[in-house]
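S.K.: Sequence and predicted structure are below.
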Amino acid sequence: MTILIDTNVTLDILLNRQPWYTNAALIFGLTQQALIKSYISASSVTDIFYITQKEHGKKTAQETIKHLLQVFHPATVTDGNIFQALELEWDDFEDSLQFAVGKTILADFIVTRNTQDFVTSSISAVTPEQFIKNITEIEK
């Protein structure tokens, strides 16, 4: 199974954002299983660095990214992904870019708190809670 983790879920765990931290932490734990190949888009890495640096400083942001890349594979953002995202004309460009990257990596799921932003997506967008429930049911 291949999943793309949206920026908001990643920030929930890294910045201990409540009330979403617990489920985000479970996602991080589940992605350590060999059955799940987990990605974050390269564009998310820059967003995460920027937000973390703003709140906690550059050194913490650098360490955060190093740790993050031990957990998730970075998914390349190509010019083709950007043009595809522009053609989608979704309300949120970042979400359309996440979708385009997800298609490139053949993601089975995009794990996000903003599933409503992916209603026209051909990739299933699920909340962390939904993903945890799906994995639990598969493992039974």
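M.R.: That came in fine, so what should we check first?
S.K.: okay, CA-based contacts and neighbour counts for the rest of this
M.R.: Fine.
S.K.: Could I get the buried residue list for the one helix or strand in the chain whose mean pLDDT sits lowest?
M.R.: One helix or strand of the chain scores below all others by mean pLDDT, DSSP states H and E: helix 128-139, with a mean of 83. The neighbour-count check on helix 128-139 (16 or more other CA atoms under 10 Å) flags 128-129, 131-132 as buried.
S.K.: can you list contacts of stretch 48-58?
M.R.: If you take CA atoms under 8 Å, 6 or more residues apart in numbering as the criterion, stretch 48-58 is touched by 7, 11, 15, 59-62, 64-65.
S.K.: In terms of secondary structure, what does the least confident helix or strand of the chain contact?
M.R.: With contacts taken as 3 or more CA pairs under 8 Å, 6 or more residues apart in numbering; DSSP states H and E, helix 128-139 sits against helix 21-30.
S.K.: Next, the residues that contact the helix it packs on from outside, please.
M.R.: 9-10, 12-13, 36, 71, 128-129, 132.
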